[in-house]
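Peer 1: Can you look at this prediction? I've put the sequence above it.
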Amino acid sequence: MKADVEPDQPHRSKGLLKGISPDQVASSGVNIYDPNLTVEQLWGEDAALSGGALLDHVLAYYSDGQKDIPFFYTPSEIPQARAVVKSPLSRELQESTVESYKKRIFLESISQVAAGEPVFKFRTTERKFPIESGTWNHRLEACYRAMSEQPHNLNVSSVMDRGLRSVKLVHPDIPWQIWERFINVHNTFHRGSAANFLEYMQETIKIEASWEHECLRTGLHSHNPRYKSYYRDFVMKTSMFFSEWDPFRKALSLTHILIKFKIWEELKKFFNSTVDFLNSDLDPNAVIACMHQLTLLITGNLQKYWKQEHTGILLSHALRHCVQPLVYLMRKNTQNTLNSIHYAGS
C-alpha cells in the first residue's frame with residue numbers, strides 16, 4: 001500500500017485514461033476493451049463523471065459511428081425477424097409504460113428526436129443483426145407491438161417504413177460494466193424511463209457487493225473506527241441515485257428482507273406489470289420509506305408466531321399497496337365495485 005494512503009483506507013485510482021484524449025488511445029498502450037474494466041478504472045474515482053459528462057465520455061471513447069437501423073431484417077432461415085433486441089443489461093420492461101407509448105403511436109406516431117436518443121451496439125465485431133439496444137427499449141417494444149396489432153395504421157406504418165435514422169453506436173467490445181453504467185445513467189434523463197424504486201433497491205445490492213470487494217482488496221474491516229465513514233463515502237461516491245445515507249440504508253434493509261422472505265422477484269414482476277411509472281408523483285425514496293416501515297411492522301410482529309412462508313405471503317400482498325398510483329387505482333376499482341353493488345341493490 002502506498003505511503004500516502006492511511007492504513008485500511010480504500011485507495012482512490014487516478015484512472016488509466018488520465019491525460020489521454022480519445023484520439024491518443026491507440027498509441028497510449030491502454031486497452032480500453034478489457035472486458036473487466038470499470039468507469040472508475042478508466043477515468044478515476046476523483047473525476048466527477050456522472051450524468052451527461054459520463055455519457056459524453058463513453059460516446060467519445062467508444063463510438064462506433066452512426067447507422068440507419070431498420071425494425072426488421074431478413075435472415076436466411078426465416079422470412080423476417082426483429083432487427084433490434086433489448087440488451088440483457090437493461091432493466092425489465094414496464095408494461096404500463098410500453099402500453100402508454102403504444103397507444104400514443106396509434107394516435108400520433110412517434111418522433112425519434114422527441115422521444116429520446118437511441119444508442120445501440122452490435123453484439124459482435126462482425127456487426128450483424130440483430131443489434132442490441134441499450135436505450136429506447138420501452139419505445140422499441142411499443143413500436144413492435146403496434147406493428148403487430150395494427151400494421152396498416154398510417155401512424156404505425158410510417159414508423160416502420162422510416163426505421164431509426166442515424167442511431168449512435170458504441171463499439172461491440174465495450175466493457176460490460178461501462179455499457180451497463182451508460183444505460184443506467186441514460187435512463188435517468190427520461191421521465192417514463194427514469195430510475196424507479198426497483199432500480200434504487202437493486203443498486204443497493206450491487207453497491208454492497210462492490211463495497212465487500214473493496215474491503216477485501218484493501219484489508220479494511222468493520223473494527224476500524226472509521227469503517228462506517230468510509231462505507232458512507234463509498235456509497236455517496238458510487239451511487240447514481242442516493243445522495244444521503246439514510247435512504248440508502250432503508251433501501252438496502254428492505255431489499256435484504258424481501259430476498260430473505262423469497263418475495264423479491266415476484267414483487268418486481270408485479271410492479272413492472274402494473275405500476276404507472278410515467279406518473280410524476282411516484283417518488284422512489286417515498287415509496288421505499290413506506291415499504292420499509294410497513295415491512296418492519298409486519299415482520300416484527302408476526303415472524304415470532306408465523307412461519308416465514310406465511311409471513312412472506314402477507315408481506316407480499318401488503319407491500320403492493322405502498323405504491324401511490326397503484327393504491328389510487330385499487331381504491332378506484334374498489335369504489336366502482338361498491339357503487340355497482342349499491343346500484344344493483346337500489
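Peer 2: Looks like it came in fine.

Peer 1: burial count for the residue lying closest to Thr255 once chain neighbours are set aside?
Peer 2: Nearest non-adjacent residue to Thr255, counting by CB to CB, 6 or more residues apart in numbering: Met201, 4.5 Å away. Any C-beta I mention is one placed from the backbone N, CA and C, and that applies to glycine too. Counted with other CB atoms under 10 Å, the neighbours of Met201 add up to 26.

Peer 1: so Met201 makes contact with Ile257?
Peer 2: No: with contact defined as CB atoms under 8 Å, Met201 and Ile257 do not form a contacting pair (10.7 Å).

Peer 1: can you pull out the helices in the stretch 1-150 of the chain?
Peer 2: Counting by DSSP state H, counting those that start in this stretch, one finds helices in the stretch 1-150 of the chain at the ranges 25-28, 39-43, 51-62, 95-108, 137-149.

Peer 1: Out of those, flag the one nearest Ala318.
Peer 2: Closest to Ala318 of those is helix 95-108 (CB to CB; 21.3 Å).

Peer 1: Report the buried residues of that closest one.
Peer 2: Residues of helix 95-108 classed as buried: Glu95, Ser96, Thr97, Val98, Ser100, Tyr101, Lys102, Arg104, Ile105 (neighbour count, 16 or more other CB atoms under 10 Å).

Peer 1: Over to stretch 283-297?
Peer 2: Using 16+ other CB under 10 Å as the test for burial, stretch 283-297 gives Pro284, Asn285, Val287, Ile288, Ala289, Cys290, Met291, His292, Leu294, Thr295.

Peer 1: Flag every buried residue along the helix or strand where the residue nearest to Thr255 lies.
Peer 2: Using DSSP states H and E, Met201 falls within helix 197-218. Judged by neighbour count using 16+ other CB under 10 Å, the buried positions of helix 197-218 are 197-204, 207-208, 211, 214-215, 218.

Peer 1: One more: stretch 307-319?
Peer 2: Buried, per 16+ other CB under 10 Å, within stretch 307-319: Thr311, Gly312, Leu315, Ser316, Leu319.

Peer 1: Determine which two of the residues you listed are furthest apart.
Peer 2: Thr311 and Leu319 (12.2 Å).

Peer 1: what's near enough to touch Lys102?
Peer 2: Applying CB atoms under 8 Å, 6 or more residues apart in numbering to Lys102 gives the contacts Ala142, Arg145, Ala146, Glu149.

Peer 1: Give the buried subset of those residues as a ChimeraX selection command.
Peer 2: Those of these that count as buried under 16+ other CB under 10 Å are selected in ChimeraX with:
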select :142,145,146
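
Peer 1: what does the domain assignment say about this protein?
Peer 2: 22-187, 197-335 (automatic domain parsing).

Peer 1: can you give me how far the last one is from the chain middle?
Peer 2: Read it as domain 197-335. Centre-to-centre, domain 197-335 and its host chain are 15 Å apart (CA atoms, centre = their mean, to the nearest Å).

Peer 1: low-scoring stretches of the stretch 51-200 of the chain, by residue?
Peer 2: The stretch 51-200 of the chain contains residues with pLDDT under 70 at 113-116, 190-194.

Peer 1: rewinding a little: for Phe234, state which of the contacts of Lys102 is nearest.
Peer 2: Of all these, Phe234 sits closest to Ala142, with 38.1 Å by CB to CB.

Peer 1: Please report how far Lys128 lies from Pro75.
Peer 2: Distance, Lys128 to Pro75, by CB to CB, to the nearest Å: 9 Å.

Peer 1: just Val159 next, same as before
Peer 2: Note on Val159: its distance to Pro75, by CB to CB, is 22 Å.

Peer 1: Now the element after whichever strand or helix holds Ala286, going C-ward?
Peer 2: Using DSSP H and E, Ala286 sits in helix 284-302. Following helix 284-302 in sequence order, the next helix or strand is helix 308-319 (DSSP H and E).

Peer 1: Run through the residues that contact the closest residue to Gly44 other than its chain neighbours.
Peer 2: Distances taken as CB to CB, 6+ apart place Gly15 nearest to Gly44, at 3.0 Å, with adjacent residues excluded. By CB under 8 Å, 6+ apart, the contact list for Gly15 reads Glu40, Gln41, Leu42, Trp43, Gly44, Glu45, Ala47.

Peer 1: please redo it, this time with the cut-off set to 7 Å
Peer 2: Contact partners of Gly15, counting by CB atoms under 7 Å, 6 or more residues apart in numbering, are Gln41, Leu42, Trp43, Gly44, Ala47.

Peer 1: And for the nearest residue to the second one once chain neighbours are set aside, the neighbour number?
Peer 2: The shortest distance from Leu42 to any residue that is not its chain neighbour, by CB to CB, 6+ apart, is 5.1 Å, and that residue is Leu17. The burial count assigned to Leu17 is 21, neighbours taken as other CB under 10 Å.

Peer 1: gap between Leu17 and Val119?
Peer 2: In this view, Leu17 and Val119 are 20 Å apart by CB to CB.
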